[in-house]
Each structure stands twice: as structure tokens, then as C-alpha cells.
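J.: sharing a sequence plus its predicted fold:
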Amino acid sequence: MKKTNIDEINRNIYDIKNKDSYDFKSQKGLNKEIIEDISKQKGDPDWMKEFRLKALEIYNKLELPTWGPDISELNMDDISTYVKPKSKLNSSWEDVPDDIKKTFDNLGIPEAEKKSLAGVGAQYDSEVVYHSMKEDLIKQGVIYTDMETAVREYPEIVKKYFMKCVPVYDHKFVALHGAVWSGGSFVYVPKGVKVDIPLQSYFRLNSPESGQFEHTLIIVDEGASLHFIEGCSAPKYNKVNLHAGCVELYVKENAYLRYSTIENWSKNMLNLNTKKAIVEKGGQIDWVTGSFGSKISMLYPMSILNGEGAKTEFTGISFAGKGQNLDNGFKVVHNAPNTSSVVNAKSISKNGGKCTYRSLVRINEEAKNSKSSVSCESLMLDDISISDTIPTNDIRNDDVEFSHEAKIGKISDKTIFYLMSRGMSEEDAKAMIVRGFAYPISKELPVEYAVEMNNLINLELEGSIG
Amino acid sequence: MEKLKLNETPVRTSRNFNINNIKLENVDLPKEVQEFSNLIIKNENKDIKIDFEKDEISLKYGVGDILLENSKKLSNKNLKITIDSKQKKEAFLDFYLDETNNNLIENIEIIANENSKATIYLKYESKVKSFHNGVLKILAKESSELNIVIVNLVSLDTNNFISIDSEVLDNANLNFTIVDFGGKASVTNLYSNITGKKAENNINTIYLGKENQLIDINYIGELKGEKSNINIEVQGALKDNAKKHFKGTIDFKRGCKKAKGNENEFCTLLSDTAKSLALPMLLCSEEDVEGNHSSAAGKIGQKELFYIMSRGFNHKEAMKLIVRANFNNIIETIENIEVKNRIAYEIDNRLD
Amino acid sequence: MSKLLEIKNLFVNAGEKEILKGINLKINAGEVHVIMGPNGSGKTTTANAILNNPLYQKKSGEIIFEGENINNLKTDEIARKGIFMSFQLPEEIPGVSVTNFLKYAKSKVTGKPVKIFEFKNELKTYMDELKMNPKNMDRSLNVGFSGGEKKKNEILQLLVLNPKLAILDETDSGLDVDAIKTVSKGIEMFKTKENSVLIITHNTKILHSLKPDYVHVLVDGKIVKTGDASLAKEIEENGYEQYKK
């Protein structure tokens, strides 16, 4: 008998599968014909079609990573890279087809939109099916739309920024992304405009044996500010699904961007995502990340501090359970004087799961008077799990303050006894300690997402304890 | 002239981070060597037995295959040290490289038998360009206490390679103090296999880099025994264009219940062209353990500097004082006063 | 008077070591008991054994609470029966605020949901009485608290959870005179005719403000003498020497 029913969550909301129905599903595999076919389906302009074909060439040349988790089970010949849902892009939920709308209803997206968001984008498989933003932001010149519309309507901006922050030859899966990208969000916040309420894009992959390759491009112009949230989930299938999205963020002078992610892909997902931000003088990018899902994840958001006084903070947690190998972390490159970075990374491993924190802090010659402080904490919940910390610290000038600390350990028996002496069961005590451990991250999230994160923690702890 | 890829980390990270290994170009590997004759041994204890014989030495890691191969084929000094002393005793081995003895490829095996206690000092020194490729195999048997002090004072045009492979059994205590001052490139690989219950391994290192020196340190401690313990403490200072790579791995293997591992690395940068690269890894497959690492880099504290200068020291003196103070805890682990004095002298000299 | 707790011939080990060597103790509702003894005599072990801390193993004997043998109940079940222990060294729980912790604990102990508004008022009243900084309500439980703040926090928990039996393990140790007064006041606030207090201490300072009905002297795992409040006074003057073998 379950003693507690507070904070209970139904895993089913993530796992409800819709019938795999689509307008178009590309042939499995990857070759020139398939890319051309996708490009035709999407109605790309010529430059984009050529871009895709070039990216494919690069993809074919690049090697798989020689480090990190084993991803040899990924066979591109088994993956459909483009699945066009049976829906056009809508600006009203009423117009979204019933089965798709129901999925997002279950995930609470339209509800959150009413309560706490200034704009929402929703992607289903390879295309965005819903996009909307509050009227007053439109009036202030804020653009928030799907990436395809941006390519069509703002070609000059897109050409200037698209895959310039993350170059297509960065690594193999970026090249793959360049070839098959579809969907995603485009945001432009004009100079001086402060968007006080967050925008959110939600990515749902329903189709089995397929991939999602959304592209998110955000430009926060001088003195502007934005909080952007992305969420993602998928129902579980027996065969591998692939996610290789790309996020490019441009934070201009004195601008501020907070980028929050709650990742809850299903446990058959390979999440090989790439995120990078370029920050100019006086600007700041803050990353907040909760990573719960995926079978394998390799994700290291990167801040490039190019302008004097640029700042970045990374706050992240990974929670790996049975069969999961979450290789996550953060990269920062200090390229200018007076820049600073703060990292607070946590991980929890249980039930045979593996968490790796992998990072780079590079303080270059020019980055005089820069500061960086890194703190990593890992919690082991049993003796069959794994937790690794692999940080690289590359300091290239003397005028820096750099410090890095890491800790690994378990929940102390004394602490459990203390909580049990206050009437909590052992499971409740452990859950409370783990939620407390994650609190520095959950407190950075909007309240609904903090609740969702706590629910995910409780969900993950069920079955492993007691 | 050889191109060498050395000191691979036990777990790889992104190639772009340039720390998985170190590549050295234009290394002169000797093709033939004569017996090394400039070894002075000071050992007055009959229960520290030093034989000149060679056993086949195998290492789990080592600095790199080509150099291990070189050592196997061309070793020109072979030593086997067996320790039975129940009271703590000392032995000194001074290797002096010069024009006629400019290649040293030694194999040393050290076995501390049950309940024995000893400190072995190994000093490597040269004034001329030479080549050093040393292999050390160490076994600390049950309840032994073995201290190994390695002092590298080879010239700044000498390539210095050291591969160490050690095993620590139940209740044994193996302590390394490594003073890494010399070498054009100084590459050290130290693997510690801590298999025993309550086995303890301390690795204390100080390094000092100047001019174009390159220091590459790769320590790997595997904790396997229950309640075993490893402490890695590395303090260093870099001036001019010196460069340091520190790779330190503490690996909690399944079964090392209640083991503890600590790693602390601190690099003082004395010039704006010196470079510090560090990869302090914690790998953990056991729940009931405590692992900590910390790593820091930066210039000398300006407040400290100001305080000391206000007491009448000039900038250089104050700087030396602070660097020495940072090194002090580690130097204090060395018991022999002459060795200690020599190190103090070298620090002073090298920071001038 | 109804019997609340009874300990019968209890033997307890900590690891290999035998700590308690046959303890007998009877506490009725409404009584204040004190166990005194030198360091290492088994005082803290007694408290931990009652709460069934897995680090201590009962070898023989019985612990009976309200007529039920609680030897093998889990710690949380014992807590929910109405036994509270104030810890000598309270644990720090990062990321869990004092308010949330107490709210959750109270819902567990009472088995009822806690009404937030009432609860916060109750908490505030108690914190005022205990001269606690109201900002502590939102701080992580015990994290960065001074020794005195931690002890007051234990008494706050006692008041909020309102058990039938309060075991106070060295609650007075390390506190200054003012803090001892505040803590004593908290204990007085808790005390009624229906509930009981078991004070475990190695000094007698706290007994100046709290009047015990029974004083037990624990030496080397055994209760060697039981008396009234005057026994505490005598120990204050003469120490434990005469009770040691």
C-alpha cells in the first residue's frame, strides 16, 4: 500500500501514444535523394536546399565522437528524419487536430499558456502545429514564430545568423541537423524590450523510429531581456528514436536571456543535442536545465563570452535511472576581460543509471580579470549505479580567479534516521532529501515547472526505494 | 626524432579540450646505451636490500607504449629493493646524469614486506642535455609503511619520463612525495592500485615550471579495498611560458565500501603567458563512499603580497615567500633535512 | 496514572560493543524523568534504542509504549505513535525549508493535511516564544544554524509535533545561560498532565528551571540509582565518582 498520495503523478501523460499518422514520412536512412525530398516537402528556398546538401556531405565526412557514451546502436538507416504531421500551423488551439491537441492538453500546455506564458509554440514530430504570442509583444516588435516561417519571412536575419553560432562542421550530429532540420522556434526581441513573462516551445515526438531535429534561433537585441523555456517529451517505443536539435542564442550588448529546459524524453531516445550562446559586452546568458529522460544524452550547453563584462550562469541537474546514460555538462569560453561564469551542477544516479558531468572552462589570454567558479555534486542512491565527473579546466592567463569543486556521496543514514524520527517513512525521507538536493535548480524554474520537476523526481524515486 | 603520444587519460573526454593525451614532437630516443654508472647509493641498513637484477616489469598504464618498449629493450640500470626493516629506515639513490652518462633508462622494483617501514629517496639530476626514462614498480604489502620521495632536478633541455605502477595491500600505507622541477618536458604517470582493506595512498606533489617547460602529470588511483583511502595534493607554480597539464583520476570501484578519496590541485600563475590545464576526474561505481575534488588557478593573492611587502620585503622576495608557503605542507612530509634544504634552495633559485 | 513507556531489562549493542547492560525504566503520563550519567555511559544509546536507530542493535529486553511492544517498529512508526527525540547533533538538510519540513512532518505525525495559514501562525507564535529569528522559517533546515539555533529548532519541532513522550538528548549541552532558559521555557510550554518528558544530560544546569519527578543515574550501561530531584543536586556537588566501580 502506498502511504502517500501527495505529489503523485501519472507517468501516462508522457507515455500516451497517438496512432502514427502523418501527411508524409520520409524514407528511412540518409542520402541525397532523401534530403532533396525533405527539402521539397518543406518548400525550402534554394539556399536552404543547398545548405542541407552541403551539411550532408560534411556529415558523411565527420567521425563519431571518440569519447563519451557508446552510441553504436544508432543506425541512421533505421530512422526517418522527417515526419510531417497531419496538421498545418495554427494560431488557435481550436484548429489543431483533435488527437494532437489532446496530447498537448494532457501535457498541460494550453493551460500553462493561459496562466503563465506570454507565448507558446508546439511542435509535433517534425513540424510546429501551433504558435501564438500575446498581442502587446507583437506591438513591441517581438517576433516569435516557427523556424520555417522565419526562413520565409525574415530571410536576411536568418541567413545572417542561421548556423553561424553553431557551425555545421562542429560535430557529426550538428552536420546531420543541418541536413535534416525541421521545426523549432525563432525569436527576435528588439532593442530595449523586456519580455517579462516567459515564452515556451514544447517539442513532442510521437512517431516511432524517427528523429526530431528542431532548430531554435533566438536573438535578444541590445538591452532587451527574455526568458525562454523549452520542454520535450515522447512516448516510449522499443526501438531507438533520435533527437539532434540545435539551439543558437545571440545575446547582444547588455541583453539578458534565461534559457530553461525540462527534458523528459522517453527512455529509448538518443538525445544528441547542441546548444550554444554568443554573449556580447555586458550581456548575460543563464541556463537552467533539468534532464530526466533519454536513454543516452550528450548535451553540453556552451556560453561564448565574447564581450567585455559578459556573464553566464549554468544551473543543471541530471537524474539517471535504470538503463540511462546521461552525459551532460557545460562549456564556457571566456574571450574578453572582466567576464564571469558560475556553474552549479548536480546529478543523481540510481537503479543502475549512469550520470557523467563533463565540462570545459577555458579562460583565454585576452580574458583578464575574469572569474569562474564551478561546483558539482553527485548523489549515489545505490551501489549499482555510476557517477563520473570529468571537468577540463583550461586557464591561459594569470589574472583570473578560478575554482572548481566536486563532491560524490550518498544520503547519510543519520540524516534518514533524523527524518524518520519526525514521522516520515524511509521512502519519504529519501525523497525529501533528494528534492532538497535538487532545490537550487528547481527554485530557478517557474513554479509550474518546479512542481513538474519535483513530480519527476518522485516518479523516478518510486520503485527504486522500498 | 620521435613523435610521441603520451599519458592517455583512463577515460577520454572531447578531443577539442586537448587533454586526453600529450603529443611531443622531436624527442630523441636513444638507440643504444651504455650501463649507467653515476648512481650513488646511500644505504646503511641490512634490512633494506638492494640488488642489481631485473625482473620482468609490467605496468597497467605507464607514460606510453613507445617509451615502455624503449625501457624494456635498453634499460641500463636495474634495481630491486626489498624492505624488511621494522623500524623506519632510509635509503638514498642519487642518479647523476652527465656527458658520459647522459641516458638513464632505469627499472626499479620496490617491495615493502609485511609490517616493514622505510623511506626511499630517488633523486635525478643533470646539468647537461640528457634523457631519462624511468619505470618504477612498487608493492606495499600488508601493514607496511612505505614512503617514496622522488626529486626531479634534471636540466631544462632534458626530457624526463617516469612511469610508476603501485599496489597497496591491507592496512598498508604508501606515500609519494614528488618534487617535479626539472625537464624540458617532464611527463609522469602514476597508477595506484589500492586493493587492500584500509589501504592508504597519499600522493603529494609540488611542481615548478619556468621558461618553456612542459609538465604533464597523470595520476590514476583506483580504490578497490573497503575503507581504503587516497589523497592527492598537487601544488604548483608556473612562470614565463611554462605549461602544466594535470590529470588526476580517483576511481571508486564497486566494492570499495566506505572508501574516501580527496584530490586537491592548486596552480599559481606567475606570468600572463603561463598556462594551466587540469582534468580532475572522479569516477564512481560504489554508493557508500566520499569523494571530493577541488581545483583552482590564479595569480598570487594581491592582499597577501601587499601585506608581506609592507613588512619590508621586495616583490620578488614576497612572491617567493608565498610560493614556498603554498608548498610547505608538502615539503614537510619529507623527513630528511638535507633533501628538504636542497628543495628549498631549488625553489629559491628557480624563482629568481 | 497511566503507564506510558516501560523499558524492561534492555541490552543494546553499537556494532560489536555492548553499551546498555540491562536497563529498566518506567515513565507514567505527566512525569518528568531525567537520566544523568558521565560520557559514554549509554545515555544517547538509550534514546536511540527507543527510536530504533538501525545503528544500534537490541540484544534482549523490551520497550513497551502504551502497552505495545515497539522493539521492532520502524523509526517513523514510533514517531507517529507519539515519541519525539530532540537530537544532540541535529542533521542539516539543504534545500528543505524549516516551514516545509515541519508542515510535512506534522501531516505525517497527525495523519491529517495541515492548514497552511493556521500552521504558519502557530509556527510564528512558537518562534517568538523561543526567541528565534523569523527569517529562519524560510532557511534550509539546520543549514548554517549555530549550535543554539539548532537546539531551539529541535524544541520548535517538539512544540509543533506535540508528542506524548519527549526525549531530550543533551538539549542543554553547549548552550549559554540565556539559551538554556529559553529552551526550558519551550519545554514548559510543551508539558501537560497527559504527556511526559525524558531528559538526558550529563550536567545539571537545565534542572534548575525544570523540576524532575525522577532522576536516574546511568553508569556503564546500567541504572545504578534512582531518586527524586535531590539526587541531581547531590550529583552536582559530588559528581559520578561514587557510582563508578
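T.: Here it is on my side, so go on. Numbers count the residues shown, from 1 in each chain, chains lettered A, B, ... in the order given.
J.: residues contacting residue 93?
T.: Went with chain A since none was named. Residues near A:W93 by C-beta atoms under 8 Å, 6 or more residues apart in numbering or on different chains: A:K101, A:F104, A:P110, A:Y130. Quick note: C-beta positions are derived from backbone N, CA and C, even for glycine.
J.: actually it's chain B I care about, not the one you picked
T.: Contacts of B:L93 (C-beta under 8 Å, 6+ apart): B:L39, B:I40, B:I41, B:L79, B:I108, B:I120, B:Y121, B:L122, B:K123.
J.: if we go to 7 Å?
T.: B:L39, B:I41, B:Y121, B:L122 (C-beta atoms under 7 Å, 6 or more residues apart in numbering or on different chains).
J.: same deal with A:P337?
T.: Per C-beta under 7 Å, 6+ apart, neighbours of A:P337: A:E308, A:E366, A:A367, A:K368, A:N369, A:S370.
J.: if the last one is in a bridge, with which residues?
T.: If I follow you right, that is A:S370. On the basis of DSSP bridges, A:S370 is bridged to A:V400.
J.: that one: neighbour count?
T.: Residues lying near A:S370 (other C-beta atoms under 10 Å in any protein chain shown) number 25.
J.: residues touching it, list them.
T.: Residues in contact with A:S370 (C-beta under 7 Å, 6+ apart) are A:H334, A:P337, A:N338, A:T339, A:S340, A:I363, A:V400.
J.: try the fourth one
T.: For A:K368, the residues meeting the contact criterion (C-beta under 7 Å, 6+ apart) are A:P337, A:N397, A:D399.
J.: find the closest residue to chain B in chain C.
T.: The minimum distance from chain C to chain B, using C-beta to the nearest C-beta, falls at C:G15 (13.2 Å).
J.: my understanding was that C:L161 contacts C:F84; is that so?
T.: Yes - the pair C:L161 and C:F84 qualifies as a contact (C-beta atoms under 7 Å) at a distance of 5.8 Å.
J.: of these two, give the one with the bigger neighbour count.
T.: C:F84 (25 against 21).
J.: measure that one to C:D172 for me?
T.: Taking C-beta to C-beta, to the nearest Å as the measure, C:F84 falls 17 Å from C:D172.
J.: what do you get for C:A29?
T.: According to C-beta to C-beta, C:A29 and C:D172 sit 24 Å apart.
J.: ok, these two, which is more surrounded?
T.: Between C:A29 and C:D172, C:D172 has the larger neighbour count (other C-beta under 10 Å), namely 22 against 17.
J.: against C:I155, how distant is the more buried one?
T.: 11 Å.
J.: now do the shared contacts for the two.
T.: Going by C-beta under 7 Å, 6+ apart, residues that sit against C:D172 and also against C:I155 are C:V183.
J.: which residue does the stretch 1-150 of chain B have closest to chain C?
T.: For the stretch 1-150 of chain B, C-beta to the nearest C-beta, closest residue to chain C: B:S143, 21.2 Å.
J.: tell me the secondary structure of the residue nearest to that residue when sequence neighbours are not counted, please.
T.: Leaving aside its chain neighbours, B:S143 sits nearest to B:N171 (4.4 Å; criterion: C-beta to C-beta, 6 or more residues apart in numbering or on different chains). Secondary structure, DSSP: H, G, I helix; E, B strand; the rest coil: B:N171 is coil.
J.: isn't B:N171 right up against B:E142?
T.: Yes - counting by C-beta under 7 Å, B:E142 is a contact partner of B:N171 at 6.0 Å.
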